[in-house]
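Chemist: Need coordinates for the following:
(3 chains, ligands or ions: 2)
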Amino acid sequence: MLGFLKGLSVTMGQLPKKKVTLQYPEVMPELPDRFRGVHRFIPDLCIVCNQCARICPTDCITLSGTRDENRKMHIDTFDINFEICILCDLCVEVCPTDAILMSDTFELAVESRDHLKLDMQWLTESEEEYEEKYPDRVPSLDAVLGEDGAEVTE
Amino acid sequence: MTEDRTQKTESSPPSSEAAVMPPAAPGMTGPPDAASAASTAGSTASADAAPEKASSAKTSAATSPSPAKAAPPKKAPPPPNPWVEAAKAKAEELAQALASQLPNGWLEEVGAVHHQPMLRVRKQHFPAVFRAAHALPSWELDYLVCYTATDYKEHLEVVAYVESTKFGHMVCIKTRTEREAASVPSIVSVHPGANWEEREMFDLFGIEFTGHPDLRRIMMWDEYVGHPLRKDFVDPSLTEEVNRDGADS
Amino acid sequence: MALIPNGTDREPMRSEKGSAAAQNSAPAAQGHAPMPYGGPAVDDIRMEEMLLNVGPQHPSTHGVLRLLVRARGETIVEADPVIGYLHRGTEKLAENLQYTQIIPYTDRLDYLASMINNYALCHTVETAIDLEVPERAEHLRVLVMEMQRIASHLLFIGAYLLDLGAMSPFLYAFQERERIVQLFNRICGARLTYNYMRIGGVKYDAPEGWLDDVRDFVPWMKGKLEMYDRLITGNEIFLNRVRGIGVFDTKTALAYGISGVNLRSTGMRWDLRRNRPYSIYDRFEFDIPVGQHGDCFDRYYLHLLEMEQSLRIIEQVLAQMPDGPVLGKVPKIIRVPAGEYYCGVEGARGELGFYIVADGKDKPYRLKIRKPSFVNLQLLPELLRGQSLSNLIAILGAVDIVLGEVDA
Ligand code: SF4
Ligand code: SF4
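Modeler: Numbers count the residues shown, from 1 in each chain, chains lettered A, B, ... in the order given. Ligands and ions are numbered 1, 2, ... in the order given. Alright, predicted model coming up:
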């Protein structure tokens, strides 16, 4: 009986303590900057090197680009199939220009599977949202472009 | 008990376990050729780093006695790795110890798999080898570590790593079977823990384990046709018309 | 029905073999004691064998394990685990993936101990290609692996107690685990599928202040372990449920290839961190607690004791943590020289091993995962035979399986 009462005292001891749960939809969890949520994409940075599509273990990235008159590649379409993306972060890791990154969106419930085929527009919006939310976490685009513009040639 | 065993390992010839320890270890306890090779490796490459490395026992660091030129190469492709040589010597030793208890022609190959001794045996004698190795004094390979098969296109190979919890040896025992009507005698009578692994191989490789008490598919359902881990396997859902969005998805 | 294809009869006990066994065991029913409350005499009761289906959606089977139990009255005559509901063919998938690409898949094996899975694969590949891992990376790896072990053991204790009907330890366990998960979230950006390790090191260095937070975590967790001890270990109801059931001895365990806590609970001091030293575990001082009776209580208690040892290791790692890079010199495309490699590490549930057959390409020719849960689960039918039905969940829970790993 003693052990039982001892255990009960632990339970009683919890009573005055603060709640540890989060009122989730109202209160959002705080997520670290490394958090791997749904991707965000910065089309201006992408050099269409196809590395992200190649490393993706589930083959869920499809992209296409064209060469403009300055012989620079521009991205035309960039789709991620979120039905099969496993949020492994490998695409972000290999991207030489950090054009593809991850946001903190983790809510992936949708009403139809088609909504999980995310295109460039969605991903770009995701980037904008992220920038708005965490202005301190994203370097200004101009700074990045300025550096890479000189650097990034084919 | 751990302490006991560690000491035993040190006094016995380098086990597979010792083989993943730094070069300093076989230099002290290993057979002469391995010892000389290891010490050469130590003097050329890692002499200065040896003391710290010895304590770190980092496998990758330890298993790279790359510039070991002294050891007489038994195999054509260089470099002759002292660990491999030691493992081969050990495999020979085990083969000799086992030979008296097994009928002629049981052994097909003696060698090393990475840094572990390897015996490839005739499949008829597969369970007998395990039984003998289990009972063999000063070996007592009593623990089945890893048991699986590989499809090498021309044949299937069944691989088992057995370990001695008492002496710390780890040995790889293999056998081969043809791909058509593949069958291997079951080792469940020696290692009951092989039961599900054999069922898995039966399921995914289509190897019939004769003498298995309860051979049926384990991962796939019973009506499933085909053996997915074979190299020539083609997923039927990729060729047939399958209604992916239908009720059965 | 997606899980059980139409027309499937996965009920092996209905086969002729099963019914033959049933006839053989029929006389056993005669041995029942008369009921205490003066009901009909045992001989008058129609003692029929009953086929009971437990799972696959049963909450106490920790995932999609299905148990077919043949029971005679309250006694289990035979139990047959039916697995494969979560089979994703990881081994086949891996044959078409580069070594780095396999790492995220290992997260999904034993999803309660992803870090250790990550490590087991990376370690095998590193062994195969003779790659040196920087010191700091190695320390970080050990650090996260031990934290992972604690998180996994915590979940075991919580879930086990929940199986036995105690609600609050489950909630506490999640509370404690949450702190570890948050720490992991900060270092690698995910809460469950970490994908943190890389061949040749780890993906990220610890963020600012992270190591200090781990340092704070250790004494806090020690206090919590004491709390668990007080809360659970002495509880008479719990003790009556778990003492002396699910007993097996070292010999059986070795014959069945059992590893991890299940093996140690029988008194065998067998821990790969000691017996086949890998990484930098030989630099740390820690004990390997072992049980005495090999029963469910020992298994529960060992989990508690092992957490304590993990905390000890964490303390030492923190004290020694060197500076430096966290990723070694790794070729851009990792090609493993032709050969076969096997490395086993001490996972949270036993020996987790990767066996790689390489053919010199950037993808494995064959990859086999030595899954501790899968091997350990084989013993379950033996443990359940002759037990009362009410012990089923207690015994199953203590074997501590994760179905993601069993089915791989
Ligand atoms: S996160 Fe992984 S799975 Fe998802 S798109 Fe990137 S590489 Fe592919
Ligand atoms: S890796 Fe980066 S730059 Fe290359 S195609 Fe993908 S997103 Fe564009």
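
Chemist: max-length helix in chain B?
Modeler: helix B:82-99 (DSSP state H).

Chemist: that's a strand at C:S259, yeah?
Modeler: No. Assessed with DSSP: H, G, I helix; E, B strand; the rest coil, C:S259 is coil; it does not lie in a strand.

Chemist: Tell me which residues touch it, please.
Modeler: Neighbouring residues of C:S259 by C-beta atoms under 8 Å, 6 or more residues apart in numbering or on different chains: C:W270, C:L272, C:G350, C:E351, C:P372, C:V375, C:N376. From N, CA and C alone the C-beta is placed, and that goes for glycine too.

Chemist: Now do the same for the fourth one: its pLDDT.
Modeler: Model confidence at C:E351, given as pLDDT, is 91.

Chemist: all helices for chain A, in order.
Modeler: Per DSSP H, chain A carries helices over the ranges A:2-14, A:51-55, A:90-94, A:120-133, A:141-151.

Chemist: Go through the second one and flag the buried ones.
Modeler: I take that to be helix A:51-55. A:Q51, A:C52, A:A53, A:I55 (16 or more other C-beta atoms under 10 Å in any protein chain shown).

Chemist: for that helix, packing partners?
Modeler: strand A:61-67, helix A:90-94 (3 or more C-beta pairs under 8 Å, 6 or more residues apart in numbering or on different chains; DSSP states H and E).

Chemist: Residues contacting the longest one from elsewhere in the structure, which ones?
Modeler: Applying C-beta under 8 Å, 6+ apart, the external contacts of strand A:61-67 come out as A:46, A:48, A:50, A:52-53, A:73-81, A:91.

Chemist: any idea which of those is closest to C:I187?
Modeler: For the contacts of strand A:61-67, the closest approach to C:I187 (C-beta to C-beta) belongs to A:C91, at 19.9 Å.

Chemist: How is the closest residue to C:S265 other than its chain neighbours assigned, secondary-structure-wise?
Modeler: The shortest distance from C:S265 to any non-neighbouring residue, by C-beta to C-beta, 6 or more residues apart in numbering or on different chains, is to C:G291 (3.7 Å). Under the three-state scheme (three-state DSSP), C:G291 adopts coil.

Chemist: all helices of the stretch 251-400 of chain C, in order?
Modeler: C:261-264, C:272-275, C:296-320, C:372-377, C:380-384, C:392-399 (DSSP state H, counting those that start in this stretch).

Chemist: Equivalent analysis for chain B, please.
Modeler: Using DSSP H, helices in chain B cover B:2-11, B:16-19, B:24-29, B:32-41, B:50-56, B:59-62, B:82-99, B:126-135, B:194-205, B:236-239.

Chemist: rewinding a little: hmm, the residue nearest to C:S265 is touching C:L302, no?
Modeler: Yes. Assessed by C-beta atoms under 8 Å, C:G291 is found in contact with C:L302 at 5.6 Å.

Chemist: Give me the common contacts of these two.
Modeler: C:R264, C:S265.

Chemist: For the residue positioned nearest the centre of chain A, give its distance to chain B.
Modeler: Among the residues of chain A, the one closest to the centroid is A:M102, at 2.0 Å (C-alpha atoms, centre = their mean). To chain B, A:M102 is 28 Å away according to C-beta to the nearest C-beta, to the nearest Å.

Chemist: got a pLDDT number for that residue?
Modeler: 89.

Chemist: What residues does it make contact with?
Modeler: A:F35, A:R36, A:G37, A:V38, A:H39, A:R40, A:L87, A:D89, A:V92, C:G189.

Chemist: Let's have those residues in TSV, adding distance to C:I258 and neighbour count.
Modeler: Listed next are the contacts of A:M102 as TSV, based on distance: C-beta to C-beta, whole Å; neighbours: other C-beta atoms under 10 Å in any protein chain shown:
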residue	distance to C:I258	neighbour count
A:F35	38	20
A:R36	36	23
A:G37	40	18
A:V38	42	20
A:H39	43	25
A:R40	47	24
A:L87	34	19
A:D89	35	22
A:V92	40	18
C:G189	35	24
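
Chemist: Pull the contacting residues for C:L161.
Modeler: By C-beta under 8 Å, 6+ apart, the residues touching C:L161 are C:P169, C:F170, C:A173, C:I232, C:F238.

Chemist: Find the helix or strand that it is a member of.
Modeler: helix C:135-163 (DSSP states H and E).
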